[in-house]
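> sequence below, structure please.
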Amino acid sequence: MRLVDAVTQPRGVRQHHLRRGPTALLAEEVDEVSVPASANEAGKEDKSVDSTNARVDDHVSKESEASVNLTSAMEPGSDHLHRSLLEAKLEIEENANIRNREGSIDSTQKKTVSPSTDGALGAKKSVPPIILPDTKEAGSSLNDAETELDIASKRKSDRKLERRNLIRSEGGIFAFDTKFGALNPFAIYYGLVSILLGVFWFFALTICDIIYFITGNRFDRMRRIPVFINHIWGTLLMRFSHCYPEMENREILMNFYKQNRAAMFVANHNSWMDIPFMGATIGWRNYKIVAKKELENVPILGRAIKCAKNVVVDRSDRRSQLQTLKAGMQWLKDGVHLCTFPEGTRSRSGCVLKFKNGAFKMAYKMNAPIIPLSIVASGKVMPSHWLFPFRPAHGVAKVVVHEPVETEGKSEEELANAARDAIISGLPADQRPEK
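The predicted structure is shown next:
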């Protein structure tokens, strides 16, 4: 209710409003003026608060004077009524303008205050803005990822189908794949025979270990008994599974054995069957295989390697390689044959890989002859992706014996080349290295 409106109303209504006093009318006048909410908020600086208090005190003083003037002006017959009303209205509007300006100043100060400021201002810490990615780019990246995933899934499915077709073409319609390797009825039969014979094999090796422990390794220093047990297991397994290989030029070995010399046997390597094939070719002799350390983790086979004191090499440990060299040289000195695959790993393609010269170092140091062996078609009996042989080896695989290569007057590289050339000469075209 404006003060002017109160005066212009009828007498009864006007007296009612005037009884309320100029302070109440002033409050109503101020309420009608829009004051920003930020002007009434806490957290102003001390200087702004002192200035505002001074203005309020001045306003109260003026309001009291206006109240006195208005009271005196409202008496009957007063000549100052109209003038006092106008003065009161002007003061009210001026006070409202002052409050509006103070509210604007406070609002501006709050906007300019640093977000990290604390204390009386009570402002919140700044929050880094969230930058949303471009929806088009995100959608394009998502589509590309889905496309790559589909391509990878299709390739995996194609490889799986190709592998299944390969296994079926090799092992027949009853062949199937497992996470350990492919199997078919013959492979299952071979595995069962090897496990059954392996029980007796493991039991015999355990007895040997007990005897060696009790005697403090003074009994059977050359470890002939474990080699003999291993040879029995391998021979029976190949005979029962019809996997005993054919041999060519074995009379070369018979003549060499008459010299009573130790030799290093080297052969190409592309199948697990190469180990029993080499053992069958050497015959009932004491020999040690240079094997990688990982084979010690294979059930039963690992125990056989340890019990027979075969030469184990850890290719990741330089010190182990030196110990292997010394152990191999000692066996050759004691008249025990050594067997190794100088390629260092199985050839997945079946073709001969490059030889490692280090495989001939033991023979070179001890001036021992090297006897090359060409193992033919062992990969066609048991490829790398099969758990056991998928067909009998007899009539498919064979071993070709070559004349010994003397080490005298040759370097390690010359020995490696001579042995490699001899091995390649006994292999078919599909196993020879690609030119």
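
> and M366, how far from G335?
11 Å (Cβ to Cβ, to the nearest Å). For the C-beta atoms, the positions are set from N, CA and C on the backbone; glycine is no exception.

> those two: which has the busier surroundings?
Ranked by neighbour count (other Cβ atoms under 10 Å), M366 and G335 place M366 first, with 17 against 11.

> pretty sure the more buried one contacts K333?
Yes - with contact defined as Cβ atoms under 8 Å, M366 counts as touching K333 (6.2 Å).

> need the overlap of contacts for these two.
Shared contacts of M366 and K333, defined by Cβ atoms under 8 Å, 6 or more residues apart in numbering, comprise A262.

> shared neighbours, M366 and G335?
Shared between the contact lists of M366 and G335 (criterion: Cβ under 8 Å, 6+ apart) are residues A262.

> what about Q330, how many neighbours?
By other Cβ under 10 Å, 13 other residues sit near Q330.

> residues touching it, list them.
Applying Cβ under 8 Å, 6+ apart, no residues qualify as near Q330.

> what's the answer for Y257, then?
Y257 touches R285, counting by Cβ under 8 Å, 6+ apart.

> quick one: it from G283, how far?
8 Å.

> show me where the stretch 301-435 of the chain has its strands.
311-313, 337-340, 370-376, 398-401 (DSSP state E, counting those that start in this stretch).

> R164 and A182 touch, don't they?
No - assessed by Cβ under 8 Å, R164 is found out of contact with A182, at 9.2 Å.

> who's more crowded, these two?
Neighbour count, other Cβ under 10 Å: between R164 and A182, A182 has more, with 23 against 14.

> pretty sure the more buried one contacts I167?
Yes - the criterion here is Cβ under 8 Å, and A182 meets it with I167 at 4.5 Å.

> overlap of the contact sets of these two?
With Cβ under 8 Å, 6+ apart, A182 and I167 have common neighbours A175, F176, H385, W386.

> tally of neighbours for the last one?
Read that as W386. The local packing of W386 (other Cβ under 10 Å) involves 24 other residues.

> now the nearest residue to it once chain neighbours are set aside: how far from I275?
Distances taken as Cβ to Cβ, 6 or more residues apart in numbering place A182 nearest to W386, at 4.7 Å, with adjacent residues excluded. Note on A182: its distance to I275, by Cβ to Cβ, is 20 Å.

> show me this protein divided up by domain.
The chain breaks down by automatic domain parsing into domains covering 3-112, 185-431.

> any regions of the stretch 151-300 of the chain where pLDDT drops low?
By pLDDT under 70, the stretch 151-300 of the chain has no low-scoring segment.

> at 80 instead, please
Along the stretch 151-300 of the chain, segments meeting pLDDT under 80 span 154.

> does S241 touch P392 like I think?
Yes - taking contacts as Cβ under 8 Å, S241 lies within contact range of P392: 6.5 Å.

> the two: which has the busier surroundings?
Between S241 and P392, S241 has the larger neighbour count (other Cβ under 10 Å), namely 21 against 16.

> state the helix or strand in which the residue nearest to that one when sequence neighbours are not counted lies.
Leaving out its chain neighbours, the residue that sits closest to S241 by Cβ to Cβ, 6+ apart is Y190, at 4.9 Å. Secondary structure assignment for Y190, by DSSP states H and E: helix 185-215.

> pull out the buried positions in that helix.
By neighbour count with 16 or more other Cβ atoms under 10 Å, helix 185-215 contains the buried residues 186-187, 190-191, 193-194, 197-198, 201, 204-205, 208, 212.

> also stretch 331-341?
Result for stretch 331-341 [16+ other Cβ under 10 Å]: buried residues W331, L332, V336, H337, L338, C339, T340, F341.

> likewise stretch 302-317?
Neighbour-count burial for stretch 302-317, counted by 16+ other Cβ under 10 Å, picks out G302, R303, A304, I305, C307, A308, K309, N310, V311, V312, V313.

> and stretch 381-391, by the same measure?
Quick answer for stretch 381-391 (16+ other Cβ under 10 Å): V381, M382, P383, W386, L387, F388, P389, F390, R391.

> got these as CSV, with pLDDT columns?
Listed next are these as CSV, based on pLDDT from 0 to 100:
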residue, pLDDT
V381, 94
M382, 94
P383, 91
W386, 93
L387, 93
F388, 94
P389, 95
F390, 95
R391, 95
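
> that's a helix at L161, yeah?
Yes - the assignment for L161 (DSSP: H, G, I helix; E, B strand; the rest coil) places it in a helix.

> distance of it from E170?
15 Å.

> same deal with K326?
Counting by Cβ to Cβ, the gap from K326 to E170 is 43 Å.

> still on that earlier bit, and of the shared contacts of A182 and I167, the nearest to C351?
H385 (16.8 Å; Cβ to Cβ).

> return the residues in contact with that closest one.
R163, L166, I167, G181, A182.

> mind checking how far it is from A327?
H385 sits at a distance of 33 Å from A327 (criterion: Cβ to Cβ).

> got it, and C339?
14 Å.

> please apply the same query to A152.
Distance, A152 to A327, using Cβ to Cβ: 47 Å.

> can you check N165 too?
N165 is 46 Å from A327, by Cβ to Cβ.

> ok, those two, which is more surrounded?
Between N165 and A327, A327 has the larger neighbour count (other Cβ under 10 Å), namely 19 against 10.

> pretty sure the more buried one sits against V313.
No - contact criterion Cβ under 8 Å: A327 and V313 do not qualify, at 9.2 Å.

> residues contacting the nearest residue to P369 once chain neighbours are set aside?
In this structure, P369 finds its nearest non-sequential neighbour in P404, 4.0 Å apart by Cβ to Cβ, 6+ apart. The neighbours of P404, taking Cβ under 8 Å, 6+ apart as the test, are I252, F256, A263, P369, I370, I371.
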